[in-house]
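Visitor: heads up, no residue letters with this:
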């Protein structure tokens with residue numbers, strides 16, 4: 001028996017070593033995988049498919065970068081920026097105004113102070129501040145909203161700040177209207193149920209929520225937002241710019257002409273703590289596959305590589321800068337945001 005045990009022992013050791021080697025190799029492969037999460041917005045907005053488009057492009061090159069990207073539907077810009085900064089997300093889509101305010105310690109970040117770890121990667125589509133109103137509400141301009149039921153946007157969303165800026169520009173406050181603060185996805189149903197007279201939505205066009213709002217029993221109009229008040233607002237806040245919403249995108253609305261408004265840009269942000277290699281890989285794949293990226297959503301059709309480097313106010317992440325230098329795009333970047 002003892003001799004049998006002596007013979008069996010080396011075999012057992014060899015088997016254990018094989019299994020140990022397998023586990024070790026498995027752990028090594030697991031450790032090579034890099035998991036990143038992209039914070040977006042509501043599933044019917046443009047942020048969610050934007051995150052999906054970016055993740056699909058990078059996931060196709062998993063064998064090259066070992067990066068696995070996933071998308072999370074969130075409350076929007078403010079949530080995404082905070083989650084990126086505390087490490088819950090690695091990337092997020094955020095409005096250009098929210099990027100500016102976070103980095104400079106304004107608005108929601110006034111008590112926390114400037115968020116100096118925030119980094120920009122690139123900007124994406126323009127987003128118009130869009131005001132949808134039922135025809136029977138007789139809202140033809142912002143000043144007509146006094147005492148009307150209007151959704152300004154959910155807390156933590158970029159559009160809430162935009163809505164307040166818009167009404168403030170015309171001398172109104174939340175107290176002058178019957179303000180609601182629900183998510184954009186809920187507003188079309190509420191206007192069709194006649195529980196809202198109007199709602200704001202900061203979004204790229206065309207948009208599914210607005211198509212839903214214009215396709216029901218209650219006829220709606222997209223209200224122009226223009227005038228010297230908006231000119232003064234843009235002068236005060238340089239992250240805003242004038243925009244136009246094509247009426248042809250919403251044939252069921254009563255508008256017959258394009259609608260003037262103003263807006264911001266969607267931007268892709270990260271933290272200084274995210275590695276250069278990860279940010280470089282994502283930046284490279286989006287710009288190297290630019291033609292394919294533009295096809296992934298109608299809102300991207302207006303994009304150029306140059307325009308995707310504008311509207312940024314937080315410093316660029318050094319991983320993104322590495323790619324822009326290689327690609328000869330650095331000349332299009334505001335020197336103030338270079339690290």
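Guide: In hand now; what should we look at? Remember, predicted model here, so these are calculated numbers, not experimental data.
Visitor: Next, count neighbours for residue 137.
Guide: 21 (other C-beta atoms under 10 Å). Every residue, glycine included, has its C-beta placed from N, CA and C.
Visitor: contacting residues for it?
Guide: By C-beta atoms under 8 Å, 6 or more residues apart in numbering, the contact list for residue 137 reads 144, 148, 197, 198.
Visitor: which one of these is nearest residue 207?
Guide: residue 198 (15.9 Å; C-beta to C-beta).
Visitor: From residue 219, how far off is residue 99?
Guide: Distance, residue 99 to residue 219, by C-beta to C-beta, to the nearest Å: 37 Å.
Visitor: Neighbour count: the two, which is higher?
Guide: residue 99 (30 against 12).
Visitor: how far away is residue 129 from residue 262?
Guide: 6 Å.
Visitor: do residue 137 as well
Guide: To residue 262, residue 137 is 22 Å away according to C-beta to C-beta.
Visitor: same thing with residue 136?
Guide: 26 Å.
Visitor: Which stretches in the stretch 101-250 of the chain count as helices?
Guide: Ranges of helices in the stretch 101-250 of the chain, per DSSP state H, counting those that start in this stretch, are 158-169, 187-192, 208-214, 228-236.
Visitor: for the ones you listed, which one sits closest to residue 292?
Guide: Comparing the helices of the stretch 101-250 of the chain under C-beta to C-beta, the one sitting nearest is helix 208-214, at 22.1 Å.
Visitor: what's the average pLDDT for that closest one?
Guide: Helix 208-214 shows a mean pLDDT of 93.
Visitor: quick one: contacts of it?
Guide: Contacts for helix 208-214 (C-beta under 8 Å, 6+ apart): 42, 44-45, 130, 132, 184-185, 187-189, 191-192, 199, 201, 203, 220, 222, 250, 252-253.
Visitor: Now with 6 Å, please.
Guide: If you take C-beta atoms under 6 Å, 6 or more residues apart in numbering as the criterion, helix 208-214 is touched by 44, 132, 184, 188, 191, 220, 250, 252, 253.
Visitor: In strands, which of these fall?
Guide: Judged by DSSP state E, the subset of these located in strands is 132, 220.
Visitor: Buried among the contacts of helix 208-214? Make that a ChimeraX selection.
Guide: If you want just the buried ones from those in ChimeraX, going by 16 or more other C-beta atoms under 10 Å, the selection is:
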select :44,132,184,188,191,220,250,253
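Visitor: now, among the contacts of helix 208-214, which is nearest to residue 160?
Guide: The closest of the contacts of helix 208-214, once distances to residue 160 are taken by C-beta to C-beta, is residue 184, at 10.3 Å.
Visitor: Quick one: residues contacting that closest one.
Guide: 42, 201, 209.
Visitor: Please verify my assumption that residue 132 contacts residue 218.
Guide: No. If you go by C-beta atoms under 6 Å, residue 132 and residue 218 don't touch, sitting 10.6 Å apart.
Visitor: Which of the contacts of residue 137 fall within strands?
Guide: residue 198.
Visitor: Reformat the contacts of residue 137 as a markdown table; add neighbour count.
Guide: A markdown table is the format used below for those (neighbours: other C-beta atoms under 10 Å):
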| residue | neighbour count |
| --- | --- |
| 144 | 16 |
| 148 | 18 |
| 197 | 24 |
| 198 | 25 |
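Visitor: Nearest to residue 312, out of the contacts of residue 137: which one, please.
Guide: Nearest member of the contacts of residue 137 to residue 312, counting by C-beta to C-beta, is residue 198, at 31.6 Å.
Visitor: quick one: that closest one from residue 210, how far?
Guide: Counting by C-beta to C-beta, the gap from residue 198 to residue 210 is 12 Å.
Visitor: returning to that earlier point: residue 136 and residue 262: who's more crowded?
Guide: Taking other C-beta under 10 Å, residue 136 and residue 262 do not tie; residue 262 has more neighbours (22 against 11).
Visitor: and the more buried one, that's in a helix?
Guide: No. Residue 262 is assigned strand when assessed by DSSP: H, G, I helix; E, B strand; the rest coil, not a helix.
Visitor: now residue 324: how far from residue 198?
Guide: 41 Å.
Visitor: same question, residue 67
Guide: 43 Å.
Visitor: just residue 83 next, same as before
Guide: 30 Å.
Visitor: Same check on residue 257?
Guide: 19 Å.
Visitor: ditto for residue 216
Guide: 14 Å.
Visitor: now the end-to-end length of stretch 210-228.
Guide: Its start and end residues considered, stretch 210-228 measures 27 Å (C-alpha to C-alpha, to the nearest Å).
Visitor: List the buried residues in that stretch.
Guide: Those would be 210, 211, 212, 213, 214, 218, 220, 221, 222, 223, 224, 225, for stretch 210-228 by 16+ other C-beta under 10 Å.
Visitor: ok, of those residues, which one's closest to residue 270?
Guide: So of those, ranked by how close each gets to residue 270 (C-beta to C-beta), first place is residue 210, at 29.4 Å.
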